[in-house]
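> just need the structure, nothing else, for what follows:
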Amino acid sequence: MATNLEKHNSSLLIGVTDYISLKLAINSAENGKRVWHISMKPIEKLPENISQPCREVLQLITFIYLSTYDDLIKHFNSIHKWKHLPQLIILKDFENYCDILDSNYNSLKSAYLCATLLDSVSYISRKSQSHTSVMVCCSSLEGTEKIQVLYDMYFDICVNKEEFQDEDVLLHFIWNSLIKTNDVS
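Presented below is the predicted three-dimensional model:
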């Protein structure tokens, strides 16, 4: 599924845990990138294998908790009000925002969210004149046939956790292929 790793803006990560999304946010911030980590619920504690980042790193990460699809859409549609524009947006809980595992799944709702995310990333890139990426994370491996359609239409690359022997190998791949290659500095 991985193609054209050098020029992508949007990545779909399937089977991703808190460890991966937080480690990506921290690694990016340690490299000077402003990061938004968006999820439905606050992170109660860091995974055991992640040490507390320093204050300077935490200042580059904005943790945003939006509990509903409507709140998420409103947030991205208020882009003109954003004070600090991120270089990386990590959106967790995608399958929950879009009810992908629900029997009443609405593909238009998912498509609208994907289009909104890509429009936001495009705006941020133009406004800040720097590369901006979005990483959409699904923690569940279920519903991948529904996600495949979204990948085909909206994402430059899809990475499935099952394709890697462990989380650290996956993290290394994501960092080297999806984030580090987009450094313009």
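> pretty sure E142 sits in a strand.
No: assessed with DSSP: H, G, I helix; E, B strand; the rest coil, E142 is coil; it does not lie in a strand.
> T68: how many residues sit nearby?
Neighbour count for T68, taken as other Cβ atoms under 10 Å: 11. In short, each C-beta sits where N, CA and C put it, glycine included.
> measure it to E142 for me?
Per Cβ to Cβ, to the nearest Å, T68 is found 21 Å from E142.
> try W175
26 Å.
> more neighbours: these two, which one.
Legend: neighbour count by other Cβ under 10 Å for W175 and E142, higher for W175 (16 against 13).
> secondary structure element holding the nearest residue to that one once chain neighbours are set aside?
Among residues not flanking W175 along the chain, N27 sits closest, at 5.9 Å (Cβ to Cβ, 6 or more residues apart in numbering). According to DSSP states H and E, N27 maps onto helix 18-30.
> re earlier: number of residues surrounding the residue nearest to W175?
N27 is flanked by 19 other residues according to other Cβ under 10 Å.
> and what of H37?
26.
> please apply the same query to E44.
Counted with other Cβ under 10 Å, residues neighbouring E44 total 6.
> for F173, what are its contacts?
Counting by Cβ atoms under 8 Å, 6 or more residues apart in numbering, F173 touches V159, F164.
> mind redoing it with 6 Å?
The neighbourhood of F173, defined by Cβ atoms under 6 Å, 6 or more residues apart in numbering, contains no residues.
> isn't there a helix covering it?
Yes: assessed by three-state DSSP, F173 belongs to a helix.
> helix or strand: which one has H37?
strand 35-39.
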